[in-house]
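Trainee: Sequence plus the predicted model coming up.
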Protein chains: 2
Amino acid sequence: MSEEKQKIFKPRPVSGYPEWLPEERLVELRWIDEIRSVFESYGFCSIETPSVEEVDVLVAKGGDADKEIYALKRLHEDPDARSDARVALHYDLTVPLARYVAQHYGDLVFPFKRYQIQKAWRGERPQEGRFREFLQCDIDVIDNDNLSIEFDAEMPAIAYEIFQRLNVGNVTININNRKILQGFYSGLGLSNVIEVIRIVDKMDKIGPDGVGKLLLDELRLDGEMVAKCLSLAKIRTNDSSFVSAVRALGIENETLDEGLTELEFVMNALSHIPPGVVFADLSIARGFDYYTGTVYETKLADYPDFPSICSGGRYDNLVSSYMNKRLPGVGFSIGLTRIFVKLLKEGKLDIGAKSPTAVMVAQLPESDRALAATTAQQLRARGINVEMYHEQGKLKNQLRYAERKGIAFVWFPPVDDNGMHEVKNMATGEQVTADIATWRP
Amino acid sequence: MSEEKQKIFKPRPVSGYPEWLPEERLVELRWIDEIRSVFESYGFCSIETPSVEEVDVLVAKGGDADKEIYALKRLHEDPDARSDARVALHYDLTVPLARYVAQHYGDLVFPFKRYQIQKAWRGERPQEGRFREFLQCDIDVIDNDNLSIEFDAEMPAIAYEIFQRLNVGNVTININNRKILQGFYSGLGLSNVIEVIRIVDKMDKIGPDGVGKLLLDELRLDGEMVAKCLSLAKIRTNDSSFVSAVRALGIENETLDEGLTELEFVMNALSHIPPGVVFADLSIARGFDYYTGTVYETKLADYPDFPSICSGGRYDNLVSSYMNKRLPGVGFSIGLTRIFVKLLKEGKLDIGAKSPTAVMVAQLPESDRALAATTAQQLRARGINVEMYHEQGKLKNQLRYAERKGIAFVWFPPVDDNGMHEVKNMATGEQVTADIATWRP
């Protein structure tokens, strides 16, 4: 290192790669803990996949993300080395899940219930809600051949519980079923159902008029058909009354019936969630064409223009690229970084202490270092986070350090044989004697 | 996706990127939790830095790691884009820490105590104990101008507590002080101290004879000097008696005195750790030339040939590449992946359940879905991980599922109004009535 000492770099952030101060990171860490705890409370196991997958797989699955894939390249590539596979950083956690399930198929027990809290990378132009490195929290359940619709109903309950715990303000969870859209459009006599879904999916951005215009101009639907499509998309209920509203539009189709039955089941199963949260919203389409049934989107109620913070749905076959088996699944993905950055900017996060320390053991000139160490160790053994102030500075400086880090209590071990332990509450300034065997923060 | 359905990929691991089955991941996750919990119990805060840093910084600091750096490259680079900085994946957590401290200097409170549990990447040829992606657990404390020697003594205590909790078998923590080596060699009249240290550091691999030969041949030391160097390196004590052993070699030097005083302080402060763990080992050098005082190495006692699992030390100036400030620090890094893979291969890990679920709620044909859901929710509210069996399969299949996943209890909600909750212990087969408000796994 010594040779480079002369060279001075400017320490600067890399655009699109967020990084937090300790006090912000403490909140992010609490979020991750809460999400994990809810996932596990429903019996989902953690997996982690490597940060990379083979380039070919990522490209084949990438769709629009293709252009945004970051490949790895050794700075000084050994030309003889054939050992370096062509790999790239994953841009989501679904492609890795599919590879994982196919690769370890024989070692997994189905239904396979996994969660995955990991970074993903996309070479996007940084803008609001978009990052080059971001944390995703995915949960999915996958089974052989068939997967109970009850899992479709469990997913929004899990999401709701998480957002309650994260304290992100009100959310709305909007649910639809692709079979309703597919069946309805087929029943209307439309053949290019995927195209219709792609256009209706823009409702959020261009509104009903914009969608209607595109259906007329691009797909050349007649006015009546467009009106029916828009009527369907307008249906949004917080119970199962959407069924009669769809029926009133007079379209008959088997797939439509299936979709209505499934969504009705899901809505009924979620009736324990307080009103104003869960909606059957027949405008929701989700751009990805691999969803085949239930689809979810979640919005922060206070920021209606902000993109979905938690989306997902049901797909028919996770591993079609790898195996000749039918493995349907359902799941969702929480865009943790996106939500965290939004609420951080809006000043809505409860940013507090800069340290996990609950108690700082002070060092007075007359105090015994060994006794201070034993004191700290006794408190730690009782599950309390304790740090010792290791510099023998003035008491004023020690208290100032505790205050600046947001440490709530400062501990004073006895200075002589007859002395007592004392503890100072930094918020109130009160200092009292304390029993080290029973005291709690 | 539909167009690519035809293309079939072989799902295969990428060499050098380890990945675990759920039951293995559960153990890894427990390890991470334990490490984090010990770090926090000593008042260290978590930070996370991006996976990438600027290439120039990584190369300047890389030393031998230079050749192993993975740069990121967009698959389809936009030739107009100047926005993509030249970035590469970090190969350790020290370079990012230095950049972080320099960049956020004004927002941090010193002594700054941070831990960082993150992946790092190196383009190494995969071999035992070497991976291309691996998890490092780093802890460091950094202060302005001076940093108390008490932190040097705290670090091995933290490491010891962690390895106790991880249950990795016996470890030995070997400690030295670079000032002892530097002072001793200077006192011997040697000028190329760094070169001597570099050679003595090979003791582990080539033994005293090999080291002696290199000192004779490469550095042209005379036989008496070589004998002194080897005598110093042979000193290894589990208390502060190393001081008199060094004194007996008759070298007088101020830096040597400082080093002996510091190491003596550290050894005395660690006297509460049971014998056989902590050693003053004067052969330890640590290859990196930025260590300036205390250095640590930790070995698995059962695998003496396996490389160090936890190393570190004290350095004089973390941010010299960025700022004209003196920020000394001390810390260590646990190579989690390396240890985990070794013990996994040796069959020493306590691999158990494939799921975090404690209780599975069964579904009998006659049982009420709503009651089953309420039951699960009540147990979850009491902090128990509960999953519902959502397929209405035969009871035999449900029990088999629980057994295969290692779920310890299966719960049967009452099937009629007069019924009682019952719970089956999967290990004993015993099934008893249970009070849902008080039952515990």
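Mentor: That came in fine, so what should we check first?

Trainee: Report the secondary structure state of the residue minimising distance to the centre of chain A.
Mentor: When CA atoms, centre = their mean is applied to chain A, the residue found nearest the centroid is A:I334 (2.5 Å). Look at A:I334: counting by DSSP: H, G, I helix; E, B strand; the rest coil, its state is strand.

Trainee: my guess is it contacts A:I309, does it?
Mentor: Yes - contact status for A:I334 versus A:I309: in contact at 6.8 Å, counting by CB atoms under 8 Å. C-beta: built from backbone N, CA, C; applies to glycine.

Trainee: Find the nearest non-adjacent residue to the residue nearest to the centre of chain A, please.
Mentor: Take A:I334 and drop its neighbours on the chain: the residue closest to it by CB to CB, 6 or more residues apart in numbering or on different chains is A:C137, 4.2 Å away.

Trainee: A:P356 too?
Mentor: That would be B:E40: by CB to CB, 6+ apart, it lies 4.3 Å from A:P356.

Trainee: Identify the residues contacting that neighbour.
Mentor: A:356, A:385, B:46, B:115 (CB atoms under 8 Å, 6 or more residues apart in numbering or on different chains).

Trainee: just A:K202 next, same as before
Mentor: A:K202 neighbours (CB under 8 Å, 6+ apart): A:210-211, A:214.

Trainee: Out of the residues you listed, which is nearest to A:V55?
Mentor: A:L214 (34.8 Å; CB to CB).

Trainee: Other residues contacting the helix or strand of chain A with the lowest mean pLDDT?
Mentor: Taking mean pLDDT, DSSP states H and E as the measure, the helix or strand of chain A with the lowest value is helix A:55-62, at a mean of 85. For helix A:55-62, contacts defined as CB under 8 Å, 6+ apart pick out A:66, A:68-69, A:71, A:86-88, A:90-91, A:95, A:98-99, A:321, B:1, B:4, B:7, B:9, B:75.

Trainee: and if we set it to 10 Å?
Mentor: For helix A:55-62, the surrounding residues in contact (CB atoms under 10 Å, 6 or more residues apart in numbering or on different chains) are A:52-54, A:65-66, A:68-72, A:85-92, A:94-96, A:98-99, A:290, A:321-322, B:1, B:3-4, B:7, B:9-12, B:75-76.

Trainee: For the stretch 201-350 of chain A, which segments count as strands?
Mentor: A:236-237, A:278-281, A:291-300, A:310-315, A:329-335 (DSSP state E, counting those that start in this stretch).

Trainee: Buried residues, the least confident helix or strand of chain A. List them.
Mentor: Neighbour-count burial for helix A:55-62 flags A:55, A:57-62 (criterion: 16 or more other CB atoms under 10 Å in any protein chain shown).

Trainee: biggest separation within the residues you listed, which pair?
Mentor: A:V55 and A:K61, at 11.1 Å, using CB to CB across these.

Trainee: And the helices in chain A, which stretches?
Mentor: A:22-41, A:55-62, A:94-103, A:150-166, A:178-187, A:193-200, A:203-217, A:223-234, A:242-247, A:254-269, A:336-345, A:369-381, A:395-405 (DSSP state H).

Trainee: I'd like to know which of the ones you listed is closest to B:K119.
Mentor: helix A:94-103 (14.2 Å).

Trainee: Show me what the closest one is packed against.
Mentor: Under the contact criterion of 3 or more CB pairs under 10 Å, 6 or more residues apart in numbering or on different chains; DSSP states H and E, helix A:94-103 touches strand A:52-54, helix A:55-62, strand A:112-121, strand A:133-142, strand A:310-315, strand A:329-335.

Trainee: okay, the angle between the last one and strand A:310-315?
Mentor: This points to strand A:329-335. On the basis of axes from the mean of the first three to the mean of the last three CA atoms, to 10 degrees, strand A:329-335 is oriented at 170 degrees to strand A:310-315.

Trainee: tell me the average confidence for strand A:329-335?
Mentor: Mean pLDDT, strand A:329-335: 98.

Trainee: I'd assumed A:H421 was in contact with A:S367.
Mentor: No - the pair A:S367 and A:H421 does not pass the contact test of CB atoms under 10 Å, sitting 11.4 Å apart.

Trainee: okay, and the common contacts of those two?
Mentor: A:361, A:375, A:412-414.

Trainee: and the residue of the stretch 151-300 of chain A found nearest chain B, how many residues sit next to it?
Mentor: Closest contact between the stretch 151-300 of chain A and chain B, by CB to the nearest CB, is at A:Y290 (4.8 Å). The tally of other residues near A:Y290 (other CB atoms under 10 Å in any protein chain shown) stands at 18.
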